[in-house]
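Undergrad: Next come a sequence and a model predicted from it.
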Amino acid sequence: MKKYIIILLILFNTSLWAGAPSPIPQNIPGNAATATALQANGANCSSGNAPLGVDASGAAEGCFAVQTYNANLQLYTETPTAGGTADALTATYTTASTLTDGLRVRVIAAAANATTTPTFTPTFNGVAATAHTITKVGNVALVAGDIKGAGHVLDLQYNLAGTRWEFINAGGGTPIILATTFIDAGGMVPDTSSGLLQMKKTNNQFDYLEFAQTVVQYATFRWVPPSDWDLGTIKAKFHWISTATTTGTPNAAWGLACWSAGDGITLDKALTVGAVTITDAYVSGDETNPMQKITAATAAITVDGVLGAGYPIYCRVSGDATAGAAGWKIGLIGIQIQYGLTGTGPVAW
């Protein structure tokens with residue numbers, strides 16, 4: 001029996017070597033021809049360039065200059081502070097470049113724009129380019145204050161067809177990167193509120209600021225956003241409780257107004273931007289335990305004052321329980337704040 005098995009194996013292997021069809025291909029057709037075409041085709045990229053792709057004949061479908069590509073990457077890492085004026089910005093870069101379509105640069109603003117047609121004039125390795133208008137959201141004119149002020153990092157992309165600079169992270173648009181922070185009531189200073197109190201329950205305890213029904217009351221706090229904050233608007237959600245019963249389903253009204261100050265700025269500042277408010281309804285029984293309530297997000301809140309990377313922001317929160325019956329009280333647990341980032345990362349000290 002073993003003899004027959006050996007004979008069959010010999011016959012099978014012989015048939016493979018004799019050119020009979022094999023279940024395993026010995027060569028993949030086209031490889032050699034493609035390699036030859038790649039080597040000999042005159043449409044391939046020249047020295048110093050790299051192909052974007054290769055077609056069936058072996059010809060490069062497009063080429064780009066490796067040195068230019070690397071230079072543009074290097075250029076984008078530079079972040080000079082703008083010169084010129086608030087509406088005629090200039091910037092000096094050490095990397096050599098020219099105004100090509102899609103070229104991206106960054107520059108730190110020195111002031112807020114006051115007109116709808118600010119211009120930007122970069123100088124690349126000692127060679128000044130032509131000044132062009134800064135636009136946003138696909139050739140839409142800026143509004144005054146889109147460039148938020150000193151410290152605002154502008155991300156600009158050159159549009160060759162429109163001969164303009166597209167303001168990618170314009171303050172008037174929606175930031176690509178969002179971040180949040182939570183300010184606990186324990187870190188707030190009562191202004192006219194009833195003060196910081198402590199809620200002790202069987203399994204937990206926490207601080208809260210109490211706001212009485214008799215009149216609108218206030219508290220203040222301070223926070224420092226990351227240095228790559230986009231200097232744009234912020235939004236807030238209020239975490240609160242009802243600490244006493246009331247009749248009906250009255251709304252608790254919460255408000256927030258903020259301003260920013262840098263080095264050498266007085267802290268005793270009257271807010272010139274009104275508070276943005278949001279309401280949330282009381283439901284019978286909320287005061288039992290009590291139940292935590294979280295408001296919807298406020299509309300966009302404009303931060304007043306002088307904005308800048310690393311500048312602290314001072315905020316005044318208002319609590320209004322006057323819609324409830326006499327004796328109703330509401331407590332603020334904290335405020336969640338959302339803001340945009342430029343994506344450039346923290347600034348090194």
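TA: Right, received. Where do you want to start? What you are looking at is a predicted structure, and each value in this text was computed from that prediction instead of being measured. Numbering: from 1, shown residues only.
Undergrad: Show me the domain layout of this protein.
TA: Using automatic domain parsing, the domain ranges for the chain come out as 67-167, 177-341.
Undergrad: Out of these, which gets nearest to Trp349?
TA: domain 177-341 (8.8 Å; CB to CB). C-beta: built from backbone N, CA, C; applies to glycine.
Undergrad: Grab the nearest non-local neighbour of Ala261.
TA: Spatially, and ignoring its direct neighbours in sequence, Ala261 is nearest to Gly305 (5.5 Å; CB to CB, 6 or more residues apart in numbering).
Undergrad: which residues does that neighbour contact?
TA: Trp259, Ser260, Ala261, Ile265, Lys269 (CB atoms under 8 Å, 6 or more residues apart in numbering).
Undergrad: need the domains of the chain in CSV with distance to Ala348 and mean pLDDT, can you?
TA: Listed next are the domains of the chain as CSV, based on distance: least, CB to CB, whole Å; pLDDT from 0 to 100:
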stretch, distance to Ala348, mean pLDDT
domain 67-167, 11, 89
domain 177-341, 9, 88
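Undergrad: Turn these into CSV, columns for distance to Val347.
TA: Output for these, formatted as CSV (distance: least, CB to CB, whole Å):
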stretch, distance to Val347
domain 67-167, 9
domain 177-341, 4
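Undergrad: So which of the ones you listed is nearest Ala59?
TA: domain 67-167 (20.9 Å).
Undergrad: centroid residue for the protein?
TA: Ile177 (2.3 Å; CA atoms, centre = their mean).
Undergrad: gap between Asp191 and Gly324?
TA: According to CB to CB, to the nearest Å, Asp191 and Gly324 sit 21 Å apart.
Undergrad: Restricted to helices, list the contacts of Gly305.
TA: With helices taken from DSSP state H, there is no overlap with the contacts of Gly305.
Undergrad: are any of those residues buried, and which?
TA: Neighbour-count burial (16 or more other CB atoms under 10 Å) applied to the contacts of Gly305 gives Trp259, Ser260, Ala261.
Undergrad: now the helices for the stretch 51-200 of the chain?
TA: 66-76 (DSSP state H, counting those that start in this stretch).
Undergrad: Show me where it has its strands.
TA: 60-65, 83-85, 88-93, 104-108, 119-124, 127-128, 132-136, 140-141, 153-159, 164-167, 177-184, 189-190, 195-200 (DSSP state E, counting those that start in this stretch).
Undergrad: Would you mind finding the most buried of those strands?
TA: strand 164-167 (a mean of 22; mean count of other CB atoms under 10 Å).
Undergrad: For that one, which helices and strands make contact with it?
TA: If you count contacts as 3 or more CB pairs under 8 Å, 6 or more residues apart in numbering; DSSP states H and E, strand 164-167 packs onto strand 132-136, strand 153-159.
Undergrad: mind running it again at 10 Å?
TA: Here strand 164-167 touches strand 104-108, strand 119-124, strand 132-136, strand 153-159, going by 3 or more CB pairs under 10 Å, 6 or more residues apart in numbering; DSSP states H and E.
Undergrad: and for it, what are the contacting residues?
TA: 89, 99, 102-105, 107, 113, 118-122, 131-140, 142, 146-147, 154-159, 173 (CB atoms under 10 Å, 6 or more residues apart in numbering).
Undergrad: Apart from its chain neighbours, what residue comes closest to Pro346?
TA: Ser227 (5.0 Å).
Undergrad: Assign a three-state SS to the one you found, would you?
TA: coil (DSSP: H, G, I helix; E, B strand; the rest coil).
Undergrad: ok, back up a step: could you export the buried ones among the contacts of Gly305 as JSON lines, including distance to Tyr339?
TA: Output for the buried ones among the contacts of Gly305, formatted as JSON lines (distance: CB to CB, whole Å):
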{"residue": "Trp259", "distance to Tyr339": "15"}
{"residue": "Ser260", "distance to Tyr339": "12"}
{"residue": "Ala261", "distance to Tyr339": "17"}
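Undergrad: Without its sequence neighbours, what residue ends up closest to Tyr218?
TA: In space, Tyr218 is closest to Asp191, 3.9 Å off (CB to CB, 6+ apart).
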